Each structure stands twice: as C-alpha cells, then as structure tokens.
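In: here is a sequence with its predicted model. Questions after.
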Amino acid sequence: MILLAGLYAVISAQPDISITAIPDKKTYNPADTVTIALQVAIPDRFHLYSNPLGSGIGKPLMIRVTQGRGVEWLFGRKTPAAEFTPPIGGWVWAHKHEATFYVTGIITSKTEKTITDTIIFDGLICDNSCIPVVKKIPFSVSISTKTNKASSFATDQMLQKIFAITEEMNIVKTGPPDETGAKTGGHVSGINLQMLPEEKTPAWDYEPREKKYELNLLLAVLLAFLAGIILNVMPCVLPVLGVKILSFSQGAGSDRKIVLLRSLVFAAGVFSIFMVLASFAAFAELSWGQQFQNPKVLAGIVCIIFVFALGMFDVFMIVVPSSIASLEKAGANKGYTDDFIKGMFTTILATPCSGPFLGATLAWTLLQPPAIIYIVFAAIGAGMAFPYIVFSSSQKLLKLIPRPGPWMEDFKRFMGFLLMGFAVYLMIGLPKEIILQTTGLCVLLAFSVTVYTRFCPFGSPFKRKLIAGSAVLIIIGLGSHGIFNLMQPLIVDEKRIAENREESGWTEFSVKKLTDAHAEGRHVMIDFTANWCMNCQFNKMTVYQSKEVKSLIAKKNILALKADLTKENRAAESLMHHLGSRSVPFCAIFPGDDPYHPVIMRDIVSKRAVQKALKELTDTREP
C-alpha cells in the first residue's frame, strides 16, 4: 500500500502552469466594456510558446472564448513575448516565468444578473521535454443597474503598467469545433485569440423505438441485481475472477464459516465501490464508466492493475494483508483486508463493461432522486457479490474447485498475463502524449516493488518497512521527475488521429452530419462507443465490422457515425442521454423516412438483430 498511496501524487507531479482570471471591475452595467485578465504563472526553467511563433517549430498559443453569452468580445492583448532559441530548430517567441493576457468585450445582456463563461487556454510549455497544456478557466461577470466605480486595473499600478506595454492580439471568429474541424488559421497567420460561438446543446426531438419496461423501484432493483450477477462474466472482470477462484482453492478444507466470512468481506469491498459510483452518479452526474474519460484517473488505474499483475508472478508477497494479488499461504483466518481490496478491485475493473439489463436500468435510475440511485447501485453490487457468497456457503460447490497443487502456479501466472494485457488495452483510452509516460511509470513501479521486496522481505519489522518504504517513495519521486520532465512526449498529430477514426466507412459523429442526413432523407447509424469499453470493441469486431453488416451499410447507403466518448463529447453525450441511455455500448439507427423514431440497441448486440434492423430500412439512392 505504500507504493499505491503516493501514486496519485506521482501522476499529478507533472509541471503545470497556473492561470487566474481577474475581471477589471466587481460589477458592470449593460453596454460597459469588460476586460478579463489572465495571469499565467509558468514553471521555472520552462517557456510558454507564444503566437505568432517565429521561425522555429512548436505549438502556437491559442486562447478561445465563447461568443454570445451576454458579452460581445472585441479584441485581446498580451504582454510581449521574448525571443527564444531552443536546442533544435529556429528561434521562437516565448514567455518565461509569467505572462498576462487580456480579453476585452462589451456587455450585451440587459436581463442577466451574472454572466458565467469559460476561457480555454491551449498552449505548450517546454524545458527538456514539452508538455501540452489545455486549461478551462471559468469566470463570472456581475451585472448591476447601479453606477460602477473606476476600473480595478486603474487602481492597481502594477496591472496598469502591464496593460500599457501589451501587444494587441488578432481575432478569428469560427464555427463550432465539430463543424469546422481543425480550423485554427492562427497557426499560420499569427492569430491567437479565437472567438467561438456559444455552444448550445441541440434541442433533440427523437422518440426511440424500444421495448420499454414500465420500471418502478422494485423492478429496477430486480434488474439491477441480475445485471450485477452478469457483470461477473464480462471480460473486464475475468482476471480478478480467476484470482478469486484461487482463493477458493486455498480455502478448500478450511472452516466453512471462515470461507463464508471472507466472501462477505469481499462483498463489502464490492459494495464500497458501488457506493462511490452511486455518489458520483447522484451528485456529479457521472454516467457508468465516465470516470475513464479523465486521463489521470485512467493512467492511475493502469498503473494499479500493472502492480497487481506483478503479484501474480511472485514479484512481491509483502504488502500483506493489503496486497490484492498476494497468495501468501497464511492461515484461513487471515487476509480479510486482502479480500476487501479484491472486491474493490473487481468492481473497478467491471466499470468499463456493460451487460444485459444494465443499460436500460441505469437510464431510468440516473434520472431518479439520490436515495433511489443508491438503492439500485447497491442492488447491482449485491448481484455482483451474490455468486461468491452462494459458492462459499455450499460445500458441494466448493468441491468443484481442485485442491491446491502445482496447477495453481500456472493458473496464477496466466491471470497475471491477463491483468497486464488488460492494462495495455486500457492505454488506448489515454491521450497519445501521456501513453509513453504511463508506460514509464509502470516500469518505475515495478523497479520500486523489486527494491522494496529485496530489502524488506516478508516478516520484516516495522522500522525496516518504514525505512524501505521511505526509500521507495524517494525513488518514485525522482523517477517520476525524470519521466515527466525528461521523457519527450510524442507530438499529437490531430490530422492523423482524425484520419485513423475514419474506420472502414465509419466517420466521426457531428450534429451537422446527423441533421444534414435527416434533410437528405438518408439513413443514419450511430455507434456510441469508447476505447476503454471492452464490450464496445467486441461489438465493433464481431458485428459492425462484419462483412454482412458492412455490406448492408453500403447497400442501404447508410451514414455510419462513430460517437466516440473516450474523452468528453458533449453533443454525443447529450444525444445519447436524450435517447435514453447512460452507458455504452449503445447503438441508434435513424431511418431516412422516419428519423425521429430511431431504433435503439443497448449493451452487447447480436449480428442477427443489427442485420434485421438494417434490412427493414427502405432502399435509398446515393445523393
């Protein structure tokens, strides 16, 4: 646990800029000029690329702000950048230590008391390595009918002096990102203040065709319980399921009450994570598996899975009783904490997967009050833990598992490879620029575990554990500094990524593509998916990329859209929620002649069902 305790801090140790947004007044009147100052603190030794860039290479700075939310933005200003010559390439304009940027506009709202918005700061800081930085800086502007006092900038001599020596920033007004693609002409022309039109969630007006169940709390609890049982056979859970089988085998011949008690402790671990997920759903409005959209959370889970996999190869057996992978042959009355963490870990691995009954149940549940959300999530946890409790309480069922023997070592290592494979699989959901760093962090953790076990073997006194643990934390700290500061992240090639998304006739989802297809009378099929969702990939490989389905898509002239939820995708998430789903996989088919009554399919789909739905679509000519 010493290694895992500092894992979040290690992942968050990457140098970063800090940005503070300061309005020039406390309150404004309608038609007043408003200026927002962005005070940027740049880490020591790092430089922030400016825009225009200069003759060298790098990522020009771009500042984006929404146009139309009560303010008409007019122009921007910035403190001058200095000439900087990196080791490779020509000179560039860059900021060091600190910089201030100003965005100025006119208050257009006459009714709102407070205008809230977000400025997006998109840049690149470099030292020995380069780190892309994208910050969303929220701010609010208070509107009053009373006469305002002088600008706060005018009373602050330092800010007034800075404002006097600033340079003006050009402006480009663009359409929404999903309509214009990479429309950032400032990379060439020196533009570095981009005004985006107000992002409005479309007013969806679809009535999905689906066999609907009139859910009530009792039926929702029943379906949630069944969904929890089925989660145990989802591919995400199989590695930990194998570990649990090993523990059952170890417990063979032990006191039946102790075996049952350990399963109950395992169930408590399952419940604990489901209660956390219920809290996320009730108070943070996070859908099932949505936490995987956070790169730091996903990177942390990858590293934890990797560390647990090391235990399957006996790299460590010393973090007892907390080690999830430790198969230390202690007495049957030991390892309750081990079982609790196994239950937690099993649930964490289950969240990238969905299954029968889960999608429809969650769609209903997440619209209910918090108390009902907690009850239904508890039912899912109870269903997931139920098979283990039944198994451990039946002597006949326990006899089905072989007695401890040489087979356990082979099986244990096989589980280790499954865990490592799953960790590698989850990396496809990470931004490209941190994949290399996450891999390096996994290697660092493996080295740290090896050092700890070498100098602090099982049974060592507490003082020795404390010293060894402190040394390991120092190693992790120094190593993470090298990983995040010296390893050069790969530069993200957005154009190539976009091209890779155009997979076998499937194009990236956008609201415009969907509405244009409706106007043309063209059929549309949308696959709501995510890279971290294993069942989504199963659907893709076995159904959507099959010859039969691809042939029907071409024959019926269907516009096949991929709504990728690997990262935040507001428009796609909004549409999915409107169609009645809060989880992926999810599929919607919009007939060209009746687009507002789409056919929807949840979770794992069958090729036969998809073929049937596509065959029922009328034949259309290509436009």
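Out: The structure has been received and is ready for your questions.
In: neighbours of the closest residue to Leu397 other than its chain neighbours, how many?
Out: Once flanking residues are discounted, Leu397 sits nearest to Phe391: 5.0 Å by C-beta to C-beta, 6 or more residues apart in numbering. In this view, the C-beta of every residue, glycine as well, is placed from N, C-alpha and C. Look at Phe391: counted by other C-beta atoms under 10 Å, it has 18 neighbours.
In: how's this protein carved up into domains?
Out: Domain ranges of the chain: 2-197, 217-431, 432-491, 496-615, per automatic domain parsing.
In: so which of these gets nearest Glu207?
Out: domain 496-615 (5.4 Å; C-beta to C-beta).
In: looking at the domains of the chain, which has the lowest confidence?
Out: Note on the domains of the chain: lowest mean pLDDT is at domain 2-197, with a mean of 70.
In: returning to that earlier point: how about the residue nearest to Leu397, secondary structure?
Out: Under DSSP: H, G, I helix; E, B strand; the rest coil, the three-state class of Phe391 is helix.
In: confirm Thr118 sits in a helix?
Out: No: assessed with three-state DSSP, Thr118 is strand; it does not lie in a helix.
In: which residues does it bridge with?
Out: Thr118 has these beta-bridge partners by DSSP bridges: Pro138.
In: please apply the same query to Ile36.
Out: Pro23, Val103.
In: from Tyr102, how far off is it?
Out: Look at Ile36 and Tyr102: by C-beta to C-beta, to the nearest Å, they are 7 Å apart.
In: hmm, back to that, hmm, the residue nearest to Leu397 is touching Ser263, no?
Out: Yes: counting by C-beta atoms under 8 Å, Ser263 is a contact partner of Phe391 at 7.4 Å.
In: need the residues touching each of the two.
Out: By C-beta atoms under 8 Å, 6 or more residues apart in numbering, Phe391 and Ser263 have no common neighbours.
In: list the contacts for Met275?
Out: Neighbours of Met275 in contact, by C-beta under 8 Å, 6+ apart: 374, 377-378, 381.
In: and those residues, which is closest to Lys96?
Out: Distance to Lys96 across the contacts of Met275 (C-beta to C-beta) is lowest for Phe377, with 49.2 Å.
In: which SSE is the closest one in?
Out: helix 370-393 (DSSP states H and E).
In: give me the helices and strands touching the helix or strand following that helix, please.
Out: Later in the chain than helix 370-393, the nearest helix or strand by DSSP H and E is helix 395-398. In terms of contacts (3 or more C-beta pairs under 8 Å, 6 or more residues apart in numbering; DSSP states H and E), helix 395-398 is packed against helix 370-393.
In: give the buried residues for the helix it packs on.
Out: Using 16 or more other C-beta atoms under 10 Å as the test for burial, helix 370-393 gives 372-388, 391-392.
In: assign Pro86 to helix, strand or coil.
Out: Put simply, Pro86 is coil when judged by three-state DSSP.
In: roughly how far apart are it and Ile115?
Out: Between Pro86 and Ile115 the computed distance is 40 Å (C-beta to C-beta).
In: which residue packs closest to Trp70, ignoring adjacent ones?
Out: Small correction: residue 70 is Gly, not Trp. Nearest non-adjacent residue to Gly70, counting by C-beta to C-beta, 6+ apart: Ser109, 3.4 Å away.
In: please consider this matter closed, and thank you.
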